[in-house]
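J.: Provided below are the primary sequence and the corresponding predicted coordinates.
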Amino acid sequence: GNSVTQMEGPVTLSEEAFLTINCTYTATGYPSLFWYVQYPGEGLQLLLKATKADDKGSNKGFEATYRKETTSFHLEKGSVQVSDSAVYFCALTDTGRRALTFGSGTRLQVQP
Amino acid sequence: DSGVTQTPKHLITATGQRVTLRCSPRSGDLSVYWYQQSLDQGLQFLIQYYNGEERAKGNILERFSAQQFPDLHSELNLSSLELGDSALYFCASSVGGVSGGLGSYNEQFFGPGTRLTVL
């Protein structure tokens, strides 16, 4: 079955530091890959997506590249801000399956 | 604001009881998904409805059921509640019934969630 593995948190960084959150996946067919963000007390918001191999998703300074050869979709940001503090979820859907399969989430704490 | 609404925001009840969670999708969205977020299981897909019909089932317990009404709102019914059912329950909606694969995707928009506490 489908699964998503992402790095354990919490990840604590200083403002303007470089961020990487690792995500690898197992899926059948042609999965689409996503990063969702959950701010405290809120629902999930789609941060970025990539629907086929070698696609790069980007939004709000965050980027992730769909790497089929390594089955990975690592999230990166060059300079984090305090406002980026949240829980980040890597997720996928595959052909014929409608629901999202999520990783366990990684809590990011950015200190001023 | 995603446009998806969920009520109530918080629910506290006792073991053995039954509760109903309600979700109203974004205007124009035909699909509703229910997810459970708990500390030990993480975020898990429960069930999906599309235009009133069940489309997909995930890790939904037999004690749980859902339906989608003609006005497209959905209700998740949880019965014979146990302590382990305490969790955040999210509803999401999308335009179509199929997500993902071959370059296509119907984005799922999530509601703020209902926090269920079983005492």
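T.: Yep, it's here.

J.: Show me which residues of chain A sit near chain B.
T.: A:29-32, A:36, A:41-46, A:49, A:51-52, A:89, A:92-105 (C-beta under 8 Å from any C-beta of the partner chain). For glycine as for every other residue, the C-beta is placed from the backbone atoms N, C-alpha and C.

J.: In strands, which of those residues appear?
T.: Among these, the ones falling in strands (DSSP state E) are A:32, A:36, A:44-46, A:49, A:89, A:92-93, A:101-102.

J.: Minimum pLDDT in those, which residue is that?
T.: By pLDDT, A:T93 ranks lowest within these, coming in at 86.

J.: centroid residue for chain B?
T.: Centroid-nearest residue in chain B: B:W34, 2.3 Å away (criterion: C-alpha atoms, centre = their mean).

J.: Tell me the spatial nearest neighbour of residue 43, not counting adjacent residues.
T.: Went with chain A since none was named. Nearest non-adjacent residue to A:G43, counting by C-beta to C-beta, 6 or more residues apart in numbering or on different chains: B:F110, 3.9 Å away.

J.: Please refer instead to chain B.
T.: A:F102 (4.0 Å).

J.: So the residue of chain A found nearest chain B versus A:K52, what's the distance?
T.: Nearest residue of chain A to chain B: A:T93, at 2.9 Å (C-beta to the nearest C-beta). A:T93 is 13 Å from A:K52, where distance means C-beta to C-beta, to the nearest Å.

J.: so how far does stretch B:56-65 reach from one end to the other?
T.: Stretch B:56-65 has an end-to-end distance of 13 Å (criterion: C-alpha to C-alpha, to the nearest Å).

J.: Tell me the buried residues in it?
T.: Across stretch B:56-65, burial judged by 16 or more other C-beta atoms under 10 Å in any protein chain shown covers B:56, B:58, B:60, B:64.

J.: Need the residues that contact that stretch.
T.: With C-beta atoms under 8 Å, 6 or more residues apart in numbering or on different chains as the test, stretch B:56-65 has contacts from A:97-99, B:34, B:36, B:41, B:44-48, B:66, B:76-81.

J.: Buried subset of these, written for ChimeraX?
T.: Restricted to buried positions by 16+ other C-beta under 10 Å, the ChimeraX selection for the contacts of stretch B:56-65 reads:
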select /A:97,98,99 /B:34,36,44,45,46,47,48,66,76,78,81
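
J.: Any regions of chain B where pLDDT drops low?
T.: B:97-105 (pLDDT under 70).

J.: let's see 80
T.: Chain B contains residues with pLDDT under 80 at B:96-106.

J.: repeat for chain A
T.: In chain A, residues with pLDDT under 80: A:29-30, A:94-98.

J.: ok so A:S83 is a strand residue?
T.: No. Looking at A:S83 with DSSP: H, G, I helix; E, B strand; the rest coil, it is helix, so not inside a strand.

J.: The closest residue to it other than its chain neighbours - how many residues pack around it?
T.: The shortest distance from A:S83 to any non-neighbouring residue, by C-beta to C-beta, 6+ apart, is to A:V110 (7.9 Å). Using other C-beta atoms under 10 Å in any protein chain shown, A:V110 has 19 neighbouring residues.
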